[in-house]
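# With the sequence up front, the predicted model follows.
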Amino acid sequence: MSIFAVNHLCREVLRDHAFRAAMKADPAKALAPLDLSDDERRALLAGDVGTLYRMGINAFLMNYLARFEVCGLDVKTYNQRMRAVKVDEVGQPVA
């Protein structure tokens, strides 16, 4: 897995205006050159932040995807999908 790559991508959505525009216009094309697993790529394109979180992606950084409305996300959708993730007694995601 390339957890770092997905975390970095989320940060780049905040910092890099051209990358953000590319992610909004054609996310599949913007993600193509990145070193992502097939599962990560699929989850990103679907806006499946719950799956990404269970993979170990940082929830704070993923919030940038919703904030800038990329990958079909907005704040409401992001919150709904993250609240659906089951967690154990110490707050760690479970399958």
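Right, received. Where do you want to start?
# Okay, helices next: where are they in this structure?
Taking DSSP state H as the criterion, the chain carries its helices at 3-15, 17-25, 27-31, 38-46, 49-55, 59-67, 75-83.
# name the helices or strands packed onto the shortest one?
Pointing back at helix 27-31 there. On a contact count with 3 or more CB pairs under 8 Å, 6 or more residues apart in numbering; DSSP states H and E, helix 27-31 meets helix 17-25, helix 38-46. Where you see a C-beta, it was placed from the backbone N, CA and C, and this is true even at glycine.
# what does the last one contact?
Contacting residues not belonging to helix 38-46 are listed as 1-2, 5-6, 9, 27-28, 31, 36, 48-49, 51-52, 55, 71-72 [CB atoms under 8 Å, 6 or more residues apart in numbering].
# Of those, which is the nearest to Gln92?
Of all these, Gln92 sits closest to Met55, with 12.8 Å by CB to CB.
# and the residue most central in space within the chain, how far is that from Asp16?
Centroid-nearest residue in the chain, with CA atoms, centre = their mean: Met62, separated by 4.7 Å. Separation of Met62 from Asp16 (CB to CB, to the nearest Å): 16 Å.
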